[in-house]
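Trainee: I would like the atomic coordinates for the input below:
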Amino acid sequence: MTRLKISVVVGSVREGRISLPIAHWVMDRIAARAEFDAELLDLAEWDLPMFAEPNPPATGRYTSEKQRAWAARIGAADGYILVAPEYNHGMSAVLKNALDTVYAEWGRKPVAFVAHGGMGGARSVEQLRQVTVAMEMAPLSSAVHLQGAAKLREGDRFNAGEIEDRRISVLFDELLWWGSALKAARQGG
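Mentor: Numbering: from 1, shown residues only. Okay, the predicted model is just below:
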């Protein structure tokens, strides 16, 4: 079986953000699954500028080195897990910008959501579903909504419970199915 390459994107750059400990929890859990090869993409380390390139990303004519590097990393993945905070009833600007920086590299691949914030990040996920569909991605029906995530944080660790562990397992199962099906379709099989 070919392992699926999954990029886990940390959707916040705020100092003291809980998205990073949550992303580490996702990485710990996905590492236990032999079907996946996961990579953490921390937007704080990428420092993508607010989109100001001369060409629309849909053209594929990327002009900046950062944009080309981001395109290569995104394009190499078979699917994505977005760790999505909810800011003011929506997705974070830095996550939206990361999506908008490139285009074709995201397409025809599954995307899953691990969200936190008000209502477990539900409103952020709803916006992200609309955006990712428009980008020709396949948003999964399963999502992990972390209610009261800050209470589960202990320093730089996120201490999920049994319920969260079960939900992430279901998300991984769905990601595996869709990731495998879409990879085969992209390869013409």
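
Trainee: Show me what the helix ranked longest in the chain is packed up against.
Mentor: Using DSSP state H to define each element, the chain has its longest helix at helix 162-186. For helix 162-186, the contact count by 3 or more CB pairs under 8 Å, 6 or more residues apart in numbering; DSSP states H and E identifies strand 4-10, helix 19-31, strand 36-42, strand 79-85, strand 110-116, strand 138-146 as packing neighbours. Every C-beta, even on glycine, is put in place using the N, C-alpha and C of the backbone.

Trainee: what packs against the fifth one?
Mentor: Contact partners of strand 110-116 among helices and strands, from 3+ CB pairs under 8 Å, 6+ apart: helix 19-31, strand 79-85, helix 122-134, strand 138-146, helix 162-186.

Trainee: Comparing these, which stretch has the densest surroundings?
Mentor: Compared across the helices and strands packed on strand 110-116, strand 79-85 shows the largest average neighbour count, a mean of 27 (mean count of other CB atoms under 10 Å).

Trainee: quick check, distance from that strand to the centre of its chain.
Mentor: 2 Å (CA atoms, centre = their mean, to the nearest Å).

Trainee: Just after that strand, pick out the following helix or strand.
Mentor: Moving toward the C-terminus from strand 79-85, the next helix or strand (DSSP states H and E) is helix 93-101.

Trainee: which stretches of this protein have low pLDDT?
Mentor: The chain contains residues with pLDDT under 70 at 1, 148-155, 189.

Trainee: rerun that using 90 as the cut-off
Mentor: Scanning the chain for pLDDT under 90 picks out 1-2, 16, 18, 47, 49-54, 117-120, 142, 147-163, 188-189.

Trainee: now the helices and strands packed on strand 110-116 in JSON lines, with distance to residue 2?
Mentor: JSON lines is the format used below for the helices and strands packed on strand 110-116 (distance: least, CB to CB, whole Å):
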{"stretch": "helix 19-31", "distance to residue 2": "16"}
{"stretch": "strand 79-85", "distance to residue 2": "13"}
{"stretch": "helix 122-134", "distance to residue 2": "24"}
{"stretch": "strand 138-146", "distance to residue 2": "18"}
{"stretch": "helix 162-186", "distance to residue 2": "8"}
